[in-house]
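Engineer: sharing a model prediction with you, sequence too.
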Amino acid sequence: MATIKIKQIGSPIRRPAEQKKILTGLGLGKMHRVVEVQDTPEVRGAIAKLPHMVAIVD
C-alpha cells in the first residue's frame with residue numbers, strides 16, 4: 001500500500017480538543033515534524049479536517 005508524508009505546519013495551541021486528537025492520531029504534535037503514514041481514506045479525511053495545520057510533503 002502507498003504511503004504519504006505529512007508535515008505539521010500549524011500549532012495546536014488554542015485549537016479545539018478534537019483537532020488536537022486528530023493530530024495525535026496522525027503521529028504529529030510538534031511543529032515541522034514530518035511523518036510517513038499509510039495512504040488510506042481515513043488518513044485523507046483527517047488531513048482534510050486540518051488543512052490549516054497539516055500539509056502533504058513530496
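Structural biologist: Looks like it came in fine.

Engineer: can you give me the helices for the chain?
Structural biologist: Per DSSP state H, the chain carries helices over the ranges 17-25, 41-49.

Engineer: just how off-centre is the first one within its chain?
Structural biologist: If you compare the mean C-alpha spot of helix 17-25 with that of the full chain, they lie 9 Å apart, counting by CA atoms, centre = their mean, to the nearest Å.

Engineer: so what does that helix touch, helix or strand wise?
Structural biologist: Counting contacts by 3 or more CB pairs under 8 Å, 6 or more residues apart in numbering; DSSP states H and E, helix 17-25 packs against helix 41-49. For the C-beta atoms, the positions are set from N, CA and C on the backbone; glycine is no exception.

Engineer: how far out from the middle of the chain is the helix it packs on?
Structural biologist: Going by CA atoms, centre = their mean, where helix 41-49 is centred and where its chain is centred differ by 8 Å.

Engineer: would you turn the helices of the chain into a markdown table with mean pLDDT?
Structural biologist: Formatted as a markdown table, the helices of the chain follow (pLDDT from 0 to 100):
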| stretch | mean pLDDT |
| --- | --- |
| helix 17-25 | 97 |
| helix 41-49 | 97 |
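
Engineer: any idea how far stretch 20-33 is from the chain center?
Structural biologist: Here the centre of stretch 20-33 is set off from its chain's centre by 6 Å, with CA atoms, centre = their mean.

Engineer: contacts made by it with the rest, please.
Structural biologist: If you take CB atoms under 8 Å, 6 or more residues apart in numbering as the criterion, stretch 20-33 is touched by 6-9, 11-12, 35, 37, 43, 46-47, 49-50, 53-54.

Engineer: can you rerun that using 7 Å?
Structural biologist: Ile6, Lys7, Gln8, Ser11, Pro12, Val35, Val37, Ala46, Lys49, Leu50, Met53 (CB atoms under 7 Å, 6 or more residues apart in numbering).

Engineer: no further queries at this time; thank you.
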